[in-house]
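Chemist: Predicted model follows, preceded by the sequence.
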Amino acid sequence: MIAIQIITRLYPGEDDDLLEWYAAQGDHYGARTHAIKQALRRGIGLTESGGEQTPAALDLGAMRDIVEAAVVTAMSRYDVTTNIGDDREAEETEHLLDDLGKALILEE
């Protein structure tokens, strides 16, 4: 088997996120090399054993779209009326819906 050496440079100000990640990998022998190999495998969708990984997690924007669509679908099943007889009750309902939206991270 032939070993291949990969040399790359990380520059402060340009690669600060990678420099921070690299520094956090520990300093015992082989830890950083192992971490880089794992990161490369994740990047191309492989596991350490060579099998394919499960799909990557959705980003926050995609998750927000899915949750918003699910809430709209669920709410459409109910007959929601805007004719609430009590102003206090209407205000309480509005606060509950606002809190639900914040809890679901629906606001930008």
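Modeler: It's in.
Chemist: what's the helix or strand of the chain with the lowest mean pLDDT packed up against?
Modeler: Sorting the helices and strands of the chain by mean pLDDT, DSSP states H and E puts helix 60-75 at the bottom, at a mean of 72. Using 3 or more C-beta pairs under 8 Å, 6 or more residues apart in numbering; DSSP states H and E as the contact test, no helix or strand touches helix 60-75. The way it works is simple: take the backbone N, C-alpha and C, and place the C-beta from them, glycine included.
Chemist: buried stuff in it?
Modeler: residue 64 (16 or more other C-beta atoms under 10 Å).
Chemist: Downstream of it, the next helix or strand is which one?
Modeler: Sequence-wise, the next helix or strand downstream of helix 60-75 (DSSP states H and E) is helix 87-103.
Chemist: Distance from the chain centre to that following helix, please.
Modeler: Relative to its parent chain, helix 87-103 has a centroid offset of 27 Å by C-alpha atoms, centre = their mean, to the nearest Å.
Chemist: Could you list the low-pLDDT ranges of this protein?
Modeler: Residues of the chain that meet the criterion pLDDT under 70 lie in 47-59, 76-86, 104-108.
Chemist: quick check: domain ranges of it?
Modeler: 1-55, 60-103 (automatic domain parsing).
Chemist: just to revisit the earlier point, C-alpha coordinates for the least confident helix or strand of the chain, CSV please?
Modeler: Extracted C-alpha coordinates of helix 60-75, given in CSV (Å, rounded to 0.1, in the frame of the first residue of the first chain):
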residue,chain,number,x,y,z
LEU,A,60,-31.9,25.4,10.1
GLY,A,61,-33.7,27.1,7.1
ALA,A,62,-34.9,23.7,5.7
MET,A,63,-36.0,22.6,9.2
ARG,A,64,-37.9,25.9,9.6
ASP,A,65,-39.7,25.4,6.3
ILE,A,66,-40.7,21.9,7.3
VAL,A,67,-42.0,22.9,10.7
GLU,A,68,-43.9,25.9,9.3
ALA,A,69,-45.6,23.6,6.7
ALA,A,70,-46.5,21.1,9.4
VAL,A,71,-48.0,23.7,11.6
VAL,A,72,-50.0,25.2,8.8
THR,A,73,-51.3,21.7,7.8
ALA,A,74,-52.2,20.9,11.4
MET,A,75,-53.9,24.2,12.0
